[in-house]
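Engineer: Attaching a predicted model along with its sequence, questions to come.
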Amino acid sequence: MIKLSVKEDCCGCGACLQRCPRHCIFFKEDKEGFLYPLVDESNCIDCGLCEKVCPVINRGECNEPLYVYAVKNRNERIRLNSSSGGVFYSLGKYVIQKGGVVFGAAYDDKWEVRHQKAESMDTLEPLMRSKYVQSRIGNTFVEVETFLKQGKLVLFTGTSCQILGLKNFLRHEYENLLTVDVICHGVPSPGVWRKFLMELTHLQSHKTALCEVAGKKTVLLS
């Protein structure tokens, strides 16, 4: 079973949780907001699947890039709504027009970053732009596997550890899977991100209160 001696041995990809046949793995936040797996040992059957899909234990081979391209979207509006040239939009549009599904990171209603799917152009837009915080994968690996077995074209974007976690989870190659990983130099603390949001919300509330006070003074002076 998965046992962590040091936190560096886990990248939080969620592959172990989703592959466990007994559903006895759950994730818990540390004080900085990072997620780490814990195992309900009383329900574990010691099948070893969690270790087999772990991208830290099974890193795979190191490959040299075949080609290197510099690319940008020709549509200026799309580039302005993107973070890195608008290439993701073009890839996502192609997959959706082929009847496929796109997976990527988006903000939820609480500004937490989570992976979700897009099956239409309207739902593709929230996946655009960089988020700068590692997303919560949820159950998306299972969803990807379901769509792949149905023969649908799937585009999955994420950090390199999430991509490797997905491929280990799937256990064999699919011709209808396209993966795109972002260049990652490490992920910021989710806890720091939440503190930033709280400070931003407090600042915005303070500005709104000042504007309301200023507005009342203007009415009195007039």
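Structural biologist: Received it, and whenever you're ready, just let me know what you need.
Engineer: Quick check, residue 184 in contact with residue 159.
Structural biologist: Yes. With contact defined as CB atoms under 8 Å, residue 184 counts as touching residue 159 (4.6 Å). To be clear about C-beta, it is placed using only N, CA and C from the backbone, and glycine gets the same treatment.
Engineer: If I look at the most centrally placed residue in the chain, what pLDDT would I see?
Structural biologist: Note on the chain: the residue nearest the mean C-alpha position is residue 135, at 3.4 Å, using CA atoms, centre = their mean. With respect to pLDDT, residue 135 has a value of 92.
Engineer: Can you pull the phi/psi pair for it?
Structural biologist: Note on residue 135: its backbone torsions stand at phi -80, psi 160 [degrees, to the nearest 10].
Engineer: Which residue comes closest to it once chain neighbours are left out?
Structural biologist: residue 105 (3.9 Å; CB to CB, 6 or more residues apart in numbering).
Engineer: And residue 188, by the same measure?
Structural biologist: Going by CB to CB, 6+ apart, residue 188 has residue 133 as its nearest residue, at 5.8 Å.
Engineer: and the gap between the one you found and residue 29?
Structural biologist: Computed as CB to CB, to the nearest Å, the residue 133 to residue 29 distance reads 13 Å.
Engineer: now residue 189
Structural biologist: Distance of residue 189 to residue 29, computed by CB to CB: 11 Å.
Engineer: more crowded one of these two?
Structural biologist: The neighbour count for residue 189 versus residue 29, taken as other CB atoms under 10 Å, is higher for residue 189 (15 against 11).
Engineer: from memory the residue nearest to residue 135 sits against residue 112, does it?
Structural biologist: No. Shown here, residue 105 and residue 112 do not form a contact pair, counting by CB under 8 Å, at 10.4 Å.
Engineer: Just the element for residue 2, please.
Structural biologist: Assigned by DSSP states H and E, residue 2 falls within no helix or strand.
Engineer: Can you report phi and psi for it?
Structural biologist: Given degrees, to the nearest 10, the pair of backbone angles that residue 2 has is phi -70, psi 120.
Engineer: Please shift the residue numbers so they start at 32 in all later answers.
Structural biologist: New numbering, starting at 32: the last item is residue 33.
Engineer: What about it, how many residues nearby?
Structural biologist: A count of nearby residues for residue 33, using other CB under 10 Å, gives 21.
Engineer: and what of residue 103?
Structural biologist: The local packing of residue 103 (other CB under 10 Å) involves 14 other residues.
Engineer: Ok, residue 225 next?
Structural biologist: Residues near residue 225, counting by other CB under 10 Å, number 15.
Engineer: All good on my end, thank you.
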